[in-house]
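> Would you be able to build a 3D model of this:
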Amino acid sequence: MQSLAILNAAQTARMMTMADQANRPNPLREAVLELPRERNAMIDWLLYDLDKLHHNEAAELAPRYAAPGSVLLVGNSDHPDVERFDHYDDFRASRQAQTCRALIVAGGGSSALGAAAFARNVGDALDAPVLAVVSGYGLSDLMTEAMGGMLWFSRLMPTRHQFEAVDLMSRPQGSTFAYAKIPDLDGIAGAQDAKTVAAILAAHPIDTLVGHSKGNIVISDALSILADTQPAKAAQLAKSLTVIQISTRVALPKGFTPITIMGEDDRYGEMNSDKDIEIDFAIPGAWHHTNTELSGHLDVTNAVERAVKRAKEAKAA
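Numbers count the residues shown, from 1 in each chain. Below is the predicted model of the structure:
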């Protein structure tokens, strides 16, 4: 199974860099989080199409595959390449990143592996490179998970920003993505991944926004941040942005209407969804996962193609 081989390549590469990680500031924090992060990589193997990645891409992502708020630039299958940006200045210096018009946020284990695989699926649908924000995994996630956040993420994920102070105190200075391009963004309650999405949406020409599972909650939080801090920009995006929600239905700020895609057999996604939001595309026989090597998968590329076609038809009408 190719996806397991990709996961193995990532885990081997990560193991070879463990000595370097132990020398980073606050090694105790990294040691506490390592086992959950490895478990999350396994979850991302289950949920995402890791076989779309190449061994060298997985190996390059592995040492920092849990870096929260970092951004990936992922080429589609015809132009396979993954570039990671850990700092906003590096992101701004990339001409290709600045012209990219699609942004995704994966859910699952929140690793860069899952985000890159999901982005490649979306890129194949759009025939274009895609930006991906990595949710990562920190102490705030560990605390939320201890309260049951793995199962009931729709109920408990919005509370994780209450634990962000613990995470920020334990992180080495300068280790976070420099997302502060919205006035007073640091003073706003919200998780780092949501703030990163908000910053990109505020300053870059994104026209397609795709989330999977709990990634849709990150997107909802990001749009709420924009609605609170830059209402004129949020109103503009509400008219131009195509928001696609896969495997979970989440309420968005006023003016935003998502196109929703659910597997007919996805009980996990359904119990974490807002039942008042209608399903636009119900995929027969599909569960919560998108790994095409496993039965019952949701074909992201096909589903996104259908959703984008509907969005174009609606705008043309």
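> For the rest of this, base every contact and every neighbour count on C-alpha atoms.
Fine.
> can you list the residues that contact the helix or strand harbouring Ile261?
Using DSSP states H and E, Ile261 sits in strand 259-263. Strand 259-263 is contacted by residues 242-249, 269, 278-288, 298, 303, 307, 311 when judged by CA atoms under 8 Å, 6 or more residues apart in numbering.
> out of those residues, which are inside strands?
Among the contacts of strand 259-263, DSSP state E puts 242-246, 281-283 in strands.
> Neighbour-wise, which one of these leads?
Counting neighbours by other CA atoms under 10 Å, Ile246 comes out on top of these with 30 neighbours.
> Test my guess that Thr257 contacts Leu241.
No - contact criterion CA atoms under 8 Å: Thr257 and Leu241 do not qualify, at 9.4 Å.
> neighbour-wise, which of these two wins?
Leu241 (20 against 16).
> What does the pLDDT read for the more buried one?
Looking at Leu241, its pLDDT is 97.
> I figured it hits Pro205, correct?
No - applying CA under 8 Å as the test, Leu241 and Pro205 come out as separate, 9.7 Å apart.
> Please pull out the lowest mean pLDDT helix or strand from the chain.
helix 139-144 (a mean of 43; mean pLDDT, DSSP states H and E).
> mind listing the helices in the stretch 201-317 of the chain by residue range?
Ranges of helices within the stretch 201-317 of the chain are 215-229, 231-240, 267-271, 300-316, based on DSSP state H, counting those that start in this stretch.
> That should have said the stretch 51-200 of the chain, apologies.
Under DSSP H, counting those that start in this stretch, the stretch 51-200 of the chain gives helices at 55-61, 88-93, 95-99, 112-126, 139-144, 153-156, 164-170, 192-203.
> Quickly note the distance from the residue nearest to Ala58 when sequence neighbours are not counted to Gln98.
Using CA to CA, 6 or more residues apart in numbering and skipping the chain neighbours, the partner closest in space to Ala58 is Ala10 (5.0 Å). Distance of Ala10 to Gln98, computed by CA to CA, to the nearest Å: 28 Å.
> the more surrounded of the two?
Ala10 (23 against 16).
> give me the element that one is part of.
Going by DSSP H and E, Ala10 is part of helix 2-16.
> Other residues contacting stretch 285-303?
Stretch 285-303 is contacted from outside by 1, 3, 45-50, 118, 121-125, 213, 247, 261-269, 281, 283, using CA under 8 Å, 6+ apart.
> Flag every buried residue along that stretch.
286-293, 296-301, 303 (16 or more other CA atoms under 10 Å).
> got any ranges where the stretch 51-200 of the chain has weak pLDDT?
Counting by pLDDT under 70, the stretch 51-200 of the chain contains low-confidence ranges at 63-68, 109-110, 136-190.
> how about 80 then?
By pLDDT under 80, the low-scoring segments of the stretch 51-200 of the chain are 62-69, 86-89, 108-110, 135-192.
> Please apply the same query to the stretch 201-317 of the chain.
Using pLDDT under 80, the stretch 201-317 of the chain drops low at 317.
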